[in-house]
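Asks: Got a sequence here, can you model it:
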Amino acid sequence: MNALEFLERRGHWLAFPAGLLLAAAFAPLGVAPLAVLCPAFLFLLWEGAAPRAAAWRGFLFTGGTFLAGTYWLYNSIHLVGQAPLWIALFLMLGLVAIMGSYTALLGYAVARWGVASGPLRWLVLLPAGWVVVEWFRGWFLSGFPWLALGYSQLETPLRGYAPVSGVYGTSLAAALMAGAVVTLLLGRRAARLTALGLVLLIVIAGAQLARVEWTAPRGTELSVALVQGAVPQSMKWEAGQRERTLELYAGLTAPHLGTDIIVWPEAALPALERDIRPFLDSLHAAARGRGSDVILGQLRRDPGTGSYYNALLALGESEQWYDKRRLVPFGEFFPVPAQVREWLRLMNLPYSDFEAGADDQPPLAAAGETLAPTICYEDAYASEQLALVRDSTLLVNVTNDAWFGDSTAPHQHLDISRMRALETGRPMLRATNDGVTALIAHDGTLTATLPQFQAGVLTGTVQPRVGHTPYVRSGNRPVLVITFAGLALGFAWPRRRGGPAR
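Replies: Below is the predicted model:
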């Protein structure tokens, strides 16, 4: 029995652990080569497989990746959110099943209609299909753009593709290398030489692109202070905690008044804006008196409509608001009948569902600069931020990853923020409730971080930047044109040669 025959017979048993292993490519482990080797192994499992077998293997592979990569949903839903165990398992495994179904569909389609074998399959169809699936699951049914291959490449030469073509372009580079591995194993001599040349080209070009300065400094550096309150989620909304939290943030901030920009995390204060207006007015006056602008996550209620918003409040020369546009399903809004909503609440908030903010909100102004804001996992939706980024000189993200405890989620989310800085060529100010609070340079590198689960203030300087990377100008369009063209070629070729491969 040769290796391919073994994989064909045992593929169902191998797909799931291979998918589990892929999760180790992402933070905090960050074993980047697995982002090439594990997809290459799936491509091998699909080689010669019947459509149903390919679908099942694709489902098990990606199911394993998301089970290992997003197990923290159980922590946030059941342990912190205190939802019943069966609901936590249902939602977590439901997400795993949905993510797995996308790869199952790709496996079935490739086996049923794609080119049967050879370099066109390995170097064009499969890499293109992988990236199209990543892109599709990033927006379909609200989307979940987590664990894209590109996020694992922040410390490799492939990072150079991010400012040019975004995270999906970086994923495409990794997927092409996965296809090249398969070609080196299965191809003839000419195909192997082509694959080897492709790998060298991808790595060398990525390394050279990583050296390009796509944006330029503007003005002078600004001093910043990012406040991390480290209030446990289980305590945040307890009776009597409000005053302690107000005192905590005021006390942490006071020594840093005079800093150009001070940032507090998402929903830093456990109250609506209307209920703590005197405190906010006092904070605003103190900050302006010392020349500081403060940006804080603040819940608010629109008095006209009665709608609630998860928002950012900028206290500068005037008050400015930014309302979160991408809400968390089953966390901030509940797409279920009213009679079951109380069973599904993950946040112990005495309010109705949040409303999504308008898509055309302007950047925030602070310290003479314009900041492109995101709240929580909004920064995972890269293309939706581009309109704001084009008019900004800095990025700011506030989040509350306390829902996920000491899990991999905060580290994965940090890498998502790093990718946004790298794609746009803008520094990011990232303030979180209990970590990972960070200053991120315009090239995605970490300038400084705070320890998790400790109250503190991260101080430093940032350099505003102007100019547009190719990705900011064009978004995902170029990589989508390339990958859909690759799909068309890979699916049309067998029909021109006499019908489906199987």
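Asks: tally of neighbours for Asp281?
Replies: As a burial measure, Asp281 scores 12 neighbours (other CB atoms under 10 Å). (Glycine included, C-beta is placed from N, CA and C.)
Asks: Please point out which parts of the longest helix along the chain sit buried.
Replies: Determined from DSSP state H, the single longest helix within the chain is helix 85-113. Residues 87-88, 91-92, 95-96, 98-113 are the ones in helix 85-113 that count as buried (16 or more other CB atoms under 10 Å).
Asks: cool, stretch 66-76 as well?
Replies: Within stretch 66-76, the residues that qualify as buried by neighbour count (16+ other CB under 10 Å) are Phe66, Leu67, Ala68, Gly69, Thr70, Trp72, Leu73, Tyr74, Asn75, Ser76.
Asks: and what of stretch 362-381?
Replies: Within stretch 362-381, the residues scored as buried using 16+ other CB under 10 Å are 363-364, 366-367, 369-381.
Asks: How about stretch 206-223?
Replies: Residues of stretch 206-223 classed as buried under the neighbour-count rule (16+ other CB under 10 Å) are Gly206, Leu209, Ala210, Trp214, Thr215, Leu222, Ser223.
Asks: Which ones among those map onto helices?
Replies: Checking the buried residues of stretch 206-223 against DSSP H, those in helices are Gly206, Leu209.
Asks: would you turn the buried residues of stretch 206-223 into TSV with pLDDT and distance to Glu155?
Replies: Supplementary listing: these in TSV, determined by pLDDT from 0 to 100; distance: CB to CB, whole Å:
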residue	pLDDT	distance to Glu155
Gly206	98	12
Leu209	98	15
Ala210	97	11
Trp214	97	19
Thr215	98	21
Leu222	98	27
Ser223	98	28
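Asks: and of the buried residues of stretch 206-223, the nearest to Asp302?
Replies: Proximity of the buried residues of stretch 206-223 to Asp302 was ranked by CB to CB; the top entry is Leu222 with 31.7 Å.
Asks: how close does that closest one get to Leu364?
Replies: In this view, Leu222 and Leu364 are 14 Å apart by CB to CB, to the nearest Å.
Asks: residues in contact with Ala287?
Replies: If a contact means CB atoms under 8 Å, 6 or more residues apart in numbering, then Ala287 has Leu257, Ile262, Asp293, Val294, Leu315 as its contacts.
Asks: could you redo the last one with a cut-off of 6 Å?
Replies: Shown here is Ala287, whose contacts under the criterion CB atoms under 6 Å, 6 or more residues apart in numbering are Val294, Leu315.
Asks: Pretty sure it sits in a helix.
Replies: Yes: counting by DSSP: H, G, I helix; E, B strand; the rest coil, Ala287 is found in a helix.
Asks: about what we covered before: I'd like the next helix or strand past the longest helix of the chain.
Replies: Toward the C-terminus, helix 85-113 is succeeded by helix 119-120 as the next helix or strand (DSSP states H and E).
Asks: And for that following helix, what's in contact with it?
Replies: Contact partners of helix 119-120, identified using CB under 6 Å, 6+ apart, comprise Thr183, Ala191, Trp493.
Asks: Could you rank those residues by neighbour count and give me the top one?
Replies: Scoring the contacts of helix 119-120 on neighbours with other CB under 10 Å, the highest-scoring entry is Thr183 at 25 neighbours.
Asks: Point to the helix or strand of the chain where mean pLDDT is at its lowest.
Replies: The least trusted helix or strand in the chain, going by mean pLDDT, DSSP states H and E, turns out to be helix 341-344, with a mean of 54.
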